[in-house]
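Undergrad: Let me see the structure of the following:
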Amino acid sequence: MAEKFEQWCICELMGRQQVAGRASEEVIGGAALLRVDVPDGDSFRTAYYGSSAIYALHVVDEKVARAMASQLGRRPPYAWTVGEGLKQLAGPAAPPTDVDGPEDEEEERDIEF
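TA: Model prediction:
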């Protein structure tokens, strides 16, 4: 019988993402997934990854994994959305535009993004 995998790791994932924490294998819905318990202060957040999303696992000690997790930030990857990113890039909110379009069809508007 194979020994159960459970190690502190830095995981390199698809999309140039990294996550650090206590990694173990867990079967959900018949599929083997990598479970990563990411340190978040005194607690943990848990994320699951399929094997096709994992490029590399670097086994490290707990101290290194915790330090890396704090450097990677506390927001999970799904917390950042395209809309939020666009708002940050756009800067201050632009005045509302006429959703029905200009009354005079020949009128043109310059819209800055």
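Undergrad: Go ahead and name everything in contact with stretch 23-40.
TA: By C-beta atoms under 8 Å, 6 or more residues apart in numbering, the residues outside stretch 23-40 that reach it are 4-9, 11, 19-22, 44-51, 54, 57, 65-66, 69-70, 74, 76. Glycine gets a C-beta too; all of them are placed from N, C-alpha and C.
Undergrad: Return the residues in contact with Glu12.
TA: 18, 54-58.
Undergrad: gap between it and Arg66?
TA: Distance, Glu12 to Arg66, using C-beta to C-beta, to the nearest Å: 18 Å.
Undergrad: All the helices of this protein, residue numbers only.
TA: Using DSSP state H, the helices of the chain run over residues 62-72, 82-90.
Undergrad: which of those helices is buried the deepest?
TA: helix 62-72 (a mean of 16; mean count of other C-beta atoms under 10 Å).
Undergrad: elements contacting that helix?
TA: strand 6-13, strand 17-28, strand 31-40 (3 or more C-beta pairs under 8 Å, 6 or more residues apart in numbering; DSSP states H and E).
Undergrad: Let's have those in CSV, adding distance to Leu89.
TA: CSV is the format used below for these (distance: least, C-beta to C-beta, whole Å):
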stretch, distance to Leu89
strand 6-13, 24
strand 17-28, 20
strand 31-40, 27
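Undergrad: what about dumping the CA coordinates of stretch 27-38 to CSV?
TA: What follows is stretch 27-38 as a C-alpha-only set of coordinates in CSV (Å, rounded to 0.1, in the frame of the first residue of the first chain):
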residue,chain,number,x,y,z
VAL,A,27,-10.5,12.0,-4.0
ILE,A,28,-13.7,13.9,-4.8
GLY,A,29,-16.3,12.6,-7.2
GLY,A,30,-14.0,9.8,-8.2
ALA,A,31,-11.2,12.1,-9.2
ALA,A,32,-7.9,12.5,-7.4
LEU,A,33,-7.2,16.2,-6.6
LEU,A,34,-4.4,18.0,-4.9
ARG,A,35,-5.7,19.6,-1.8
VAL,A,36,-3.7,22.6,-0.6
ASP,A,37,-4.4,24.1,2.8
VAL,A,38,-3.0,27.6,2.5
